[in-house]
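>>> 3D, please:
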Amino acid sequence: MSDILPFPAWFPDQSSYKGATSQAIKNVLPIAAGYAPFKSFSALTAALPAACRGYFCARNTDGSVTIFAGTSDRLFRLDNSTLTWVPVSKVTALTSISNASPAVLTLNSHGRAIGDAIVLSTSGALPTGLTVGTVYYIITAGFTANAFQVSLTPGGAAINTSSAGSGTHSFTDDYTALPSGYHWQFAQFGSIVIAVQPNTNPQAFTLASSAAFADLAGSPPQAAYIAIVGRFVVLSGLTANPFTIAWSALGSAIGWTPGTNSSDTQALPDGGIVRGVAGGEYGVIFQESTMRRMVYAPGTTVIFNIEKIADDKGLLAPYSLIRAGEKIFWLAAQGFYGMTPTGIPEAIGKEKFDRYFFDNYDSGSLQLVIGAADPQSTRVYWAFKSSSASGTVFDFIICYDYGLGRPTLIEQGGEYLATLAAPGITLENLDSISSSIDALTQSLDDISTAALTKLSAVNASHVVGFFTGSNVEATLDTSEQAGDRRFRVKGFRPITDATTCFGSVGGRETVQTAVTYSTEQAVNGSGMCPANVSTRMARGRLRIPAAQEWTFATGVEPKVAQEGRR
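Below you'll find the predicted structure:
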């Protein structure tokens, strides 16, 4: 019996010649026994009206979740029953709403567009026919720069009113558009969800009571990034002073007067602009070229002890920063790193996948280098846009299992990557998604009142979902084998529980030539993928088709015969 040739680690930076690594491990997850399948994207929500620029899962006091998402200029909340998006951007007061058929909403230079969704609020009572909290759509009829009419459905019949109402009426508006290199960032502090981006004041939404976001109280500075460090809200990427960080009062998200209740700012003398802070019990400040640790020092005038960790391991891509339990991971200018908050940076991609990444990523799209942790495993993920891709979406994901120390490459496109918990849905609410269980667009396994978090994404159609569909097509190569004599590969036996799979043999005569793969053959009744390749160097390739059920792929058992010529 031949020895088993395992599928080794995917370390594309290393030479494949007589190596113990692989050049092709694609669309799989590392496990101790080799690799497991990666599942396809499964839609959860209706589509956002525009490209997603960040989303967040907040926890309510009863254990349920509230999901927020941002586009370039608007914020939305997911309706947990219909799985559609409700506008919750800041509100702007209307000049008037007419008592008429149809009702006309007026505001000079309102800036809205036909088809926009809005939600109305009031300090008194809306005119009869309109309801606070209902999503309305701006229609073509009566649309001008200073007035518009609304309907309950896109392009539907205009709403009529039969009373004048009272008080000041408002509608959800939009924000100054995000710069192309930024996303919305969110954080939860108690019952308050805070959203930041560099072109507007920090926005706050109080769970269970707010209908829309509003400026965070206390006059905090505009900032691109947010983190929670201990009992403080920490802002960085400050629009007015990018070399400074600011933090709130102790135990308060709305206290921002420096010198009051431990709120303060700290300018950092070197290391470049601040690109983010990793939160937790201790904070780690990431600048362009420097890292600093911030540790709360109660009873002192400095409030935080801030000490330098490293001079040359800053943050290259701000959204690559991941907090995974007690560990932190990020992309620096030198490659991928990890550490504990009290430790020192350790290279995790050096001579493994760093060079591959830098050779293939789009350096002009650093905002699409987006990191996320899988809370159900020891895996972290970095989405990125390759230099060969067009558009404004990522097209690859690097998965790194820090428990096993092994990466894989996943072909997956999308707009954003994050962890998320599906909202709990009652059986009655399922009717709002589909009248047929067979026609549900998501698995019932994804619907849980327990609201467990897992990896999710927004696809190119602006839809949020999980990776819980059928298995995607997997490709796994062994390391390259070479001997002192020419040999003939007659096939190999795949060590996998996939009942349908295909094998081929890659061969080459010298290390200077490219690998050529034989025509792939399906596994036959005796469990072999036959081949007939005479070569000096060879590697095996296994392809498991999409939607095939399997749980592991360990390696191959090759059938090889020596030949007479050297």
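
>>> from memory Gly115 sits against Pro154, does it?
Yes: contact criterion C-beta atoms under 8 Å: Gly115 and Pro154 qualify, at 5.9 Å. Every residue, glycine included, has its C-beta placed from N, CA and C.

>>> Now list whatever residues contact both of these two.
Shared contacts of Gly115 and Pro154, defined by C-beta atoms under 8 Å, 6 or more residues apart in numbering, are found at Tyr137.

>>> per-domain residue ranges of this structure.
Per automatic domain parsing, the structural domains of the chain span 5-36+472-562, 91-172, 185-364.

>>> May I see the ones you listed arranged in CSV, with mean pLDDT and distance to Ala457 as well?
Shown next, in CSV, are the domains of the chain (pLDDT from 0 to 100; distance: least, C-beta to C-beta, whole Å):
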stretch, mean pLDDT, distance to Ala457
domain 5-36+472-562, 95, 13
domain 91-172, 97, 23
domain 185-364, 97, 14
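
>>> among these, which is nearest Ser388?
Minimum separation from Ser388 across the domains of the chain (C-beta to C-beta) falls at domain 185-364, 7.8 Å.

>>> re the thing from before, got the domains of the chain as CSV, with mean neighbour count and distance to Tyr55 columns?
Formatted as CSV, these follow (neighbours: other C-beta atoms under 10 Å; distance: least, C-beta to C-beta, whole Å):
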stretch, mean neighbour count, distance to Tyr55
domain 5-36+472-562, 18, 23
domain 91-172, 16, 17
domain 185-364, 19, 8
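
>>> Of those, which is nearest Cys52?
Proximity to Cys52, assessed across the domains of the chain by C-beta to C-beta, is greatest for domain 185-364 (12.4 Å).

>>> what about that closest one, distance to the chain center?
Mean-position distance between domain 185-364 and its chain equals 18 Å (C-alpha atoms, centre = their mean, to the nearest Å).

>>> correct me, but Leu44 touches Phe467?
No: contact between Leu44 and Phe467 fails when scored by C-beta under 8 Å: they sit 11.1 Å apart.

>>> TSV please, covering the domains of the chain and showing distance to Cys57.
Output for the domains of the chain, formatted as TSV (distance: least, C-beta to C-beta, whole Å):
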stretch	distance to Cys57
domain 5-36+472-562	22
domain 91-172	21
domain 185-364	9
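
>>> Figure out which of those domains is closest to Gly403.
Nearest to Gly403 among those is domain 5-36+472-562 (8.7 Å), distances taken as C-beta to C-beta.

>>> end to end, how far does that closest one reach?
This stretch, domain 5-36+472-562, spans 17 Å end to end (C-alpha to C-alpha, to the nearest Å).

>>> after the helix or strand where Ile328 lies comes which helix or strand?
Per DSSP states H and E, Ile328 falls inside strand 327-332. Later in the chain than strand 327-332, the nearest helix or strand by DSSP H and E is strand 335-339.

>>> What are the boundaries of the strands in the stretch 101-250 of the chain?
Remark: strands assigned in the stretch 101-250 of the chain by DSSP state E, counting those that start in this stretch are 105-106, 117-122, 135-138, 147-148, 150-151, 169-172, 185-189, 192-196, 203-206, 214-215, 223-229, 232-238, 244-247.

>>> Dump those to JSON lines, plus distance to Val505.
Below are these laid out as JSON lines (distance: least, C-beta to C-beta, whole Å):
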{"stretch": "strand 105-106", "distance to Val505": "69"}
{"stretch": "strand 117-122", "distance to Val505": "56"}
{"stretch": "strand 135-138", "distance to Val505": "58"}
{"stretch": "strand 147-148", "distance to Val505": "66"}
{"stretch": "strand 150-151", "distance to Val505": "63"}
{"stretch": "strand 169-172", "distance to Val505": "60"}
{"stretch": "strand 185-189", "distance to Val505": "48"}
{"stretch": "strand 192-196", "distance to Val505": "53"}
{"stretch": "strand 203-206", "distance to Val505": "58"}
{"stretch": "strand 214-215", "distance to Val505": "64"}
{"stretch": "strand 223-229", "distance to Val505": "50"}
{"stretch": "strand 232-238", "distance to Val505": "51"}
{"stretch": "strand 244-247", "distance to Val505": "56"}
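
>>> Ok, which of those comes nearest Asp395?
The closest of those to Asp395 is strand 185-189. By C-beta to C-beta, the value is 23.0 Å.
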